[in-house]
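Undergrad: No sequence on hand, only this structure:
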């Protein structure tokens, strides 16, 4: 599979869609929370984990996955969901607790699920890994060429579920691709203060699998690493661990004032924003024009705005709906 012009533009489109979505939903989230911030207030209560900056991790992997492959991720999930092609209306409605949501409004933004895309998220650190392992084992036992991909943060690499999953995947040569999104911060604790190794790819050797480090949050390099990993898995050659050096442009959650983060690092964040970097790259490579990208961005904005209108106008579940035990 070649990283051609159409794929590059599609990657930019998905990255921009996620960024505009996160910015728009932040405004929705903050309704009722000003001037004094209160997590419980507004039409979108609870924590909101924005994925701005981590878009390359998802858009580089998704072109290689089929709908019948498994894809799972954690609490910072919207960039993965959008790149996966999850219903934007369903996701937005779920975040606002509406009955038209992916899980009829009962899951919220950290617990998204779409059976048609074999996609799930979990708010518990690293616990998406055993589910992906189970999918990978199922594929192998049934003799299918499917793969399971799971996205985790670098903090998850210090959890037991991470190590147990990789041990089994390496032992049984399962078609599992683990993507570590290394944004250097596990909530308010830096990677340097929590992790014994500089790069988690060094841990791959202990579980008999390749480890690939992708530097500089580069979506093209993520694409190349994911292609090799998925091809290996489909051919029966086992799992791969990929670590992407990415960036969390905002706090752990919306409203996090980030007093723990060095001011110098915060000042340098705009320079590491992958979206303007990819936009400039597309223009430098003469793949498209600024006018065409602007038109594309305008269409994406209209699309995302329609998601939010749909979610706002949808109904909340009825109390008696909680008694339903199954859904078609």
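TA: Right, received. Where do you want to start? This one's a predicted model, so the numbers in the text were calculated from it and none came from an experiment. Numbers count the residues shown, from 1 in each chain.

Undergrad: could you say what helices and strands the helix or strand hosting residue 281 packs with?
TA: Using DSSP states H and E, residue 281 sits within helix 274-284. When contacts are defined as 3 or more Cβ pairs under 8 Å, 6 or more residues apart in numbering; DSSP states H and E, helix 274-284 packs onto helix 5-30, helix 55-59, helix 290-313. Backbone N, C-alpha and C define where each C-beta goes, glycine included.

Undergrad: ranges for the strands of the stretch 51-200 of the chain?
TA: 70-73, 113-114, 119-121, 148-153, 176-182, 185-186, 189-190 (DSSP state E, counting those that start in this stretch).

Undergrad: Any regions of the protein where pLDDT drops low?
TA: For the chain, residues meeting the criterion pLDDT under 70 lie at 1, 324-328.

Undergrad: give the contact list for the residue nearest to the spatial centre of it.
TA: Most central in the chain under Cα atoms, centre = their mean is residue 80, positioned 3.2 Å from the mean C-alpha point. Contacts here follow Cβ atoms under 8 Å, 6 or more residues apart in numbering; on that basis residue 80 touches 51, 57, 58, 71, 73, 121, 151.

Undergrad: Hmm, the first one is touching residue 77, no?
TA: Put plainly, it is residue 51. Yes: shown here, residue 51 and residue 77 form a contact pair, counting by Cβ atoms under 8 Å, at 7.0 Å.

Undergrad: ok so, going back, could you give the angle of the helix holding residue 281 to helix 290-313?
TA: 150 degrees (axes from the mean of the first three to the mean of the last three Cα atoms, to 10 degrees).

Undergrad: follow-up on the earlier one: for the strands of the stretch 51-200 of the chain, please prepare TSV with the additional fields mean neighbour count and distance to residue 271.
TA: Shown next, in TSV, are the strands of the stretch 51-200 of the chain (neighbours: other Cβ atoms under 10 Å; distance: least, Cβ to Cβ, whole Å):
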stretch	mean neighbour count	distance to residue 271
strand 70-73	27	26
strand 113-114	18	35
strand 119-121	24	30
strand 148-153	28	22
strand 176-182	29	18
strand 185-186	20	17
strand 189-190	13	19
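
Undergrad: Can you check which of these gets nearest to residue 212?
TA: Closest to residue 212 of those is strand 176-182 (Cβ to Cβ; 9.8 Å).

Undergrad: Quick check: residue 46 touching residue 39?
TA: Yes: using Cβ under 8 Å, residue 46 is in contact with residue 39, at 6.1 Å.

Undergrad: Could you export the strands of the stretch 51-200 of the chain to TSV, including columns for distance to residue 4?
TA: Output for these, formatted as TSV (distance: least, Cβ to Cβ, whole Å):
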stretch	distance to residue 4
strand 70-73	23
strand 113-114	28
strand 119-121	25
strand 148-153	22
strand 176-182	22
strand 185-186	35
strand 189-190	38
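
Undergrad: which residues in the stretch 151-300 of the chain form helices?
TA: Here the stretch 151-300 of the chain has its helices, by DSSP state H, counting those that start in this stretch, at 160-172, 191-194, 219-234, 263-267, 274-284, 290-313.

Undergrad: outside of the shortest one, which residues touch it?
TA: Under the criterion Cβ under 8 Å, 6+ apart, residues 154, 155, 158, 182, 184, 185, 186 lie in contact with helix 191-194.

Undergrad: gap between it and the chain center?
TA: 22 Å (Cα atoms, centre = their mean, to the nearest Å).

Undergrad: List the buried residues for that helix?
TA: residue 191 (16 or more other Cβ atoms under 10 Å).

Undergrad: Check the third one too.
TA: By neighbour count, and taking 16+ other Cβ under 10 Å as the criterion, the buried residues in helix 219-234 are 219-223, 225-230, 232-234.

Undergrad: List just the nearest of those residues to residue 132.
TA: Using Cβ to Cβ, these come closest to residue 132 at residue 233, 11.7 Å.

Undergrad: looking at it, that closest one is touching residue 176, isn't it?
TA: Yes: with contacts counted by Cβ under 8 Å, residue 233 reaches residue 176, the gap being 7.1 Å.

Undergrad: Give the residues shared as contacts by these two.
TA: 147, 239, 240.

Undergrad: circling back to that earlier point, report the inter-axis angle for the helix holding residue 281 versus helix 219-234.
TA: Using the same axes, to 10 degrees: helix 274-284 against helix 219-234 is 100 degrees.

Undergrad: Helix 274-284 versus helix 5-30: what angle between them?
TA: Using the same axes, to 10 degrees, helix 274-284 lies at 150 degrees relative to helix 5-30.

Undergrad: buried stuff in helix 274-284?
TA: Going by 16+ other Cβ under 10 Å, helix 274-284 has these buried residues: 274, 275, 277, 278, 279, 281, 282.

Undergrad: Ok, stretch 264-274 next?
TA: 273, 274.

Undergrad: hang on, the earlier thing: name the surrounding residues that touch the helix holding residue 281.
TA: 8-9, 11-12, 15-16, 19, 53, 55-56, 217, 219, 246-247, 288-290, 293.

Undergrad: Need the buried ones from those selected in ChimeraX.
TA: This is the ChimeraX syntax for the buried subset of those, where burial follows 16+ other Cβ under 10 Å:
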select :8,9,11,12,15,16,19,53,55,56,217,219,246,247,288,293
